[in-house]
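Chemist: structure here, sequence nowhere to be found:
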C-alpha cells in the first residue's frame, strides 16, 4: 500500500529553499517511518525569479501562476512561505476551499485571521498547521496541544523575537547603546533594514496571540494586547537593572490572574538567575508555569532556514501520519474555552519603577501611603530605581499623578523571578 | 455520543495520589476537550494499606488483588505506578494480553523490557505509553516522536537525575563535599536512604536507554552503556573545574559519531555559559543537537507527585483522543532503524584530564608526541588539570600506560560547550 503526499510550495526564498533541502535529505527516512512518500511537485515563484537550477536538481515544476497550483488536483498539501497577509490569505483560503491541507509559517496572518482560517479548514475537512509560526525551531504548539491538556497553565513567558534578544544581550554584555546594537544586528542579518516589527514588539505580539490560543484555548486579538518595544531603552536602564541584579528581556506574556487573562509584550526585568535569563543572543525560549508540571521551559532557535524548514516539515509529517491512518484531519488546536481579559485590579505584579526625584523623602512617603513595599532599590544622582513587591496595575496607574510634584516616573517594567 | 474511559490504577502512593487529584481537578476540561469521560474505577493497594478515605472522596473501589483489576472487563486502561521490575512486569504483560491499554512511569522496567512489552502491546492492539518514565514533568518523548522525524538528531545531552543535579549544584554553589551534599538531599527527600541508583548513574542510564530509542530509533541495552556516577567526585575536582570556567554535571549522553552511536552516563564538564549549566538544583533538562533545528533544550521538573501525575495523564489523554477518533492504537515510538555502537576510534571528544605529575616537562612532551592539543590548563601544587582539543577515545586509552612513569591520571571527564 504505497501512498504519496504531493506538495505545492508557495515561495522559494530562504525558508522555501530550506524545506526543499531538508525534505530531500530526510525523504527516505520519512517514507519508511510514516508509510507515505512525500514529494514537492510544484513551486510558485515570482515572475522573473530564476530557480530553474533548483527545479532541475530536485525535480519539481516552477510556475508563476497560483491558479496553476491551487487547481492541480494531484496536489494534497500547499505550503505557504511567501509571508505577510496579502495575498497569502487569499491563497490559503482558496487552497482550503479546494480541499488541500495547508502548512504555513505565517505568524502575521495566523495571529490576525487564524480563527476564520481554522474554521474554513474545518468546514473543508482539511488540516491547517502552523508549528513554525511561533519560535521557528521550537516545537511548542504541538507540545502544548499534546502534553498540557491534563495540566492548567497559569503563565506563559516567551522570548519569541530573536532580533531584540540579540540586541538586548549585546546591550548587557558589551554595554552597547540601542542604536549600535541595532546596527550590529542588521549587519549580521538578524534585523531587517526596517526593524519596526521587531523592535516595537509587533512580531512578538503576533506570536503571543497564537500562544494564548494554544495555552488557554483563548481567542485574543492584537487590539487586546498591551504592546511596548525596546526602542527607548537607554544605557541608564541597563545599568540600573544590572545594579539591582537583573537583565532586561523583551517578554511576551500571557498570564492568568484569577479567572482573567492578560496578554502583553514589553521589556521586562528578569532575575539574572532565572532560567529565562540564560536565553542569550538570537535564541528564543518559552517558560511555562502550570499547576501540574509547575515550571517548564522550551529553548531553541527562533528563526533560520533549516530550523524553520524542519518545523514546517514536522507539520507535513503530521498530515502524512493522519493520511496513513485514514483519520479525519484534526484541527491544530482543539482547545477552546470562554475566557475574559483580566482587569487592572486583578493584574497584580512586581514592578521596576525608575524615577527622577526632586524630593526623595516625599516620594518615599507616598509609596508608604499607597502600601507599596520596596524589595530592592538603587540610587544614582537624582535617579531612584526600585523593585516593588506585587501591586495591582490599578495602584500603579494611580501613582503617576500622586508623585507629579516630587518626581517623574521615567520608566516602568514588570519583573520576573527571584 | 458519550464515551467513557475506565481506569484501573496500580499503586496509590505519592504519584498515584497525584494522578487521582489532578484527574479530579481537570476531569471536566478533559471530557469537554477530548469528547471522552475519564474515570478511575478501581485501585490496587497493598494489604493493610488504609486508603478508604481517598476511595470514598473520589468514588473508586479498592482491591488488594490484581486479578480483580485485570479481569474486570469494564476497565480500558491500567496505570502502573508500583515501580521496580517485579511484579510490575507480570502485571503489565497480563494487562496487555487482556486487551487493556497500559500507562506507566516505570523507567527501570521500560529500559530493560520495553522492546518486548511494546511488541506485546502491538500484538494485542493496545497502547503502551510511558511519557513519565523519562524526566518526570518534561514532555520529551512525545515531542521527539512528533517533532523530530523530519530532523536528524546527532547528540542528546540530558540532566535526567534530579538528586545528583541537586547535589552537584550545592557542591558548586556552597563548596559542599559529596557526603554533606548527599545528606542535604536526603534530608529534603530528593535522595533515598539507599542512594545507589541515583549517585551511581543507574537511574540516568535507564532514562538514556529510553531516550536513545526515541531519538535514534535504536534498541540499546544497559550493558551497551558506559556508566559512571558522582560518588568519587572531590572538592579538588570542583575547584579545578571552576578555575577552568566549567561546572560539573551528571550528563546522560547519546551521541552520533559518523554512523555509530555511543550512549553513556558520567560526570561531565559543562562550560558555565552553556544552556545546560543553567539547569540547577533538582531540575532536569534535555539538550538536543540536530541537523535541522540545530540546538534545542527542554527544561522542567524531573520528579514530584504533580508533575509526574500530569505526565501520566497526558498519556491517558492521548489514549482518549485515539479512542474518540476510533483509530488503531499506535505504538508510542514508531521510529526504528538499524544502528551500530560507535567504536573507540570513532568517538572523538574534548576531555578534561586531571593528573598528579612528578615531571611536568616529560608529561607535556608526551602530550605533544600524541598530538593532543591543550585548550586550557590549570596548575595547583603537583596537580595539572587540562582541557584538551577533541581526541579519539582510543588515543585517550593509550595515554595512561605512556604517562605512567611521570604522572598518574586521577580523573577523566568529557567536556561540553565553549
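Modeler: Done, it's in. Predicted model only: the values in this text are computed from it and were never measured.
Chemist: which residues sit in contact with the residue lying farthest from the centre of chain A?
Modeler: What lies farthest from the middle of chain A is residue A:361; by Cα atoms, centre = their mean that is 42.6 Å. Neighbouring residues of residue A:361 by Cβ atoms under 8 Å, 6 or more residues apart in numbering or on different chains: there are none. All C-beta atoms are positioned from the backbone trio N, CA, C, and that covers glycine.
Chemist: helix, strand or coil for it?
Modeler: Three-state call for residue A:361 (DSSP: H, G, I helix; E, B strand; the rest coil): helix.
Chemist: so what's the gap between stretch A:27-45 and the chain middle?
Modeler: Centroid displacement of stretch A:27-45 relative to its chain, using Cα atoms, centre = their mean, to the nearest Å, is 28 Å.
Chemist: buried stuff in that stretch?
Modeler: Neighbour counts over stretch A:27-45 (16 or more other Cβ atoms under 10 Å in any protein chain shown) mark A:29-31, A:33-36, A:38-45 as buried.
Chemist: and the residues you listed near chain B, which?
Modeler: A:29, A:30, A:33, A:34 (Cβ under 8 Å from any Cβ of the partner chain).
Chemist: returning to that earlier point: please determine how far the residue farthest from the centre of chain A is located from chain B.
Modeler: Computed as Cβ to the nearest Cβ, to the nearest Å, the residue A:361 to chain B distance reads 39 Å.
Chemist: tell me which residues touch the closest residue to residue A:87 other than its chain neighbours, please.
Modeler: In space, and not counting its chain neighbours, residue A:87 is closest to residue A:66: 7.7 Å by Cβ to Cβ, 6 or more residues apart in numbering or on different chains. Contact partners of residue A:66, counting by Cβ under 8 Å, 6+ apart, are A:10, A:44, A:87, A:91, A:94.
Chemist: any of those residues buried? List them.
Modeler: Buried by 16+ other Cβ under 10 Å: A:10, A:44, A:91, A:94, out of the contacts of residue A:66.
Chemist: my read: the first one touches residue A:75, true?
Modeler: When you say that, I think you mean residue A:10. No - counting by Cβ atoms under 8 Å, residue A:10 sits too far from residue A:75 to count as a contact (11.2 Å).
Chemist: turn the ones next to chain B among the buried residues of stretch A:27-45 into a markdown table, including secondary structure and pLDDT.
Modeler: Below are those laid out as a markdown table (DSSP: H, G, I helix; E, B strand; the rest coil; pLDDT from 0 to 100):
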| residue | secondary structure | pLDDT |
| --- | --- | --- |
| A:29 | helix | 92 |
| A:30 | helix | 93 |
| A:33 | helix | 88 |
| A:34 | helix | 89 |
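Chemist: hmm, which two among the contacts of residue A:66 are most spread apart?
Modeler: Greatest spatial distance among these (Cβ to Cβ): A:44 and A:94, at 12.4 Å.
Chemist: and the helix or strand encompassing residue A:142, average pLDDT?
Modeler: Secondary structure from DSSP states H and E places residue A:142 in helix A:140-147. Regarding helix A:140-147, the rounded mean pLDDT is 93.
Chemist: who are the packing partners of that helix?
Modeler: Helices and strands touching helix A:140-147, by 3 or more Cβ pairs under 8 Å, 6 or more residues apart in numbering or on different chains; DSSP states H and E, are helix A:202-216, helix B:141-147, helix B:305-325.
Chemist: repeat that for 6 Å
Modeler: Applying 3 or more Cβ pairs under 6 Å, 6 or more residues apart in numbering or on different chains; DSSP states H and E, one finds that helix A:140-147 makes contact with helix A:202-216, helix B:141-147.
Chemist: tell me the angle of the first one relative to helix A:140-147?
Modeler: Translated: helix A:202-216. Per axes from the mean of the first three to the mean of the last three Cα atoms, to 10 degrees, the angle that helix A:202-216 makes with helix A:140-147 is 10 degrees.
Chemist: can you list the strands that the helix or strand just after helix A:202-216 pairs with?
Modeler: Using DSSP H and E, the helix or strand that follows helix A:202-216 towards the C-terminus is strand A:226-227. Taking DSSP bridges as the criterion, strand A:226-227 forms sheet pairs with strand A:260-271 (parallel).
Chemist: buried ones in the partner strand?
Modeler: Buried, per 16+ other Cβ under 10 Å, within strand A:260-271: A:261, A:262, A:263, A:264, A:265, A:266, A:267, A:268, A:269, A:270, A:271.
Chemist: for the fourth one, what are its contacts?
Modeler: What it means is residue A:264. A:225, A:226, A:253 (Cβ atoms under 6 Å, 6 or more residues apart in numbering or on different chains).
Chemist: residues in contact with the most centrally placed residue in chain A?
Modeler: Closest to where the C-alpha atoms of chain A average out (Cα atoms, centre = their mean) is residue A:207, at 3.1 Å. If you count contacts by Cβ under 6 Å, 6+ apart, residue A:207 has them with A:107, A:134, A:160.
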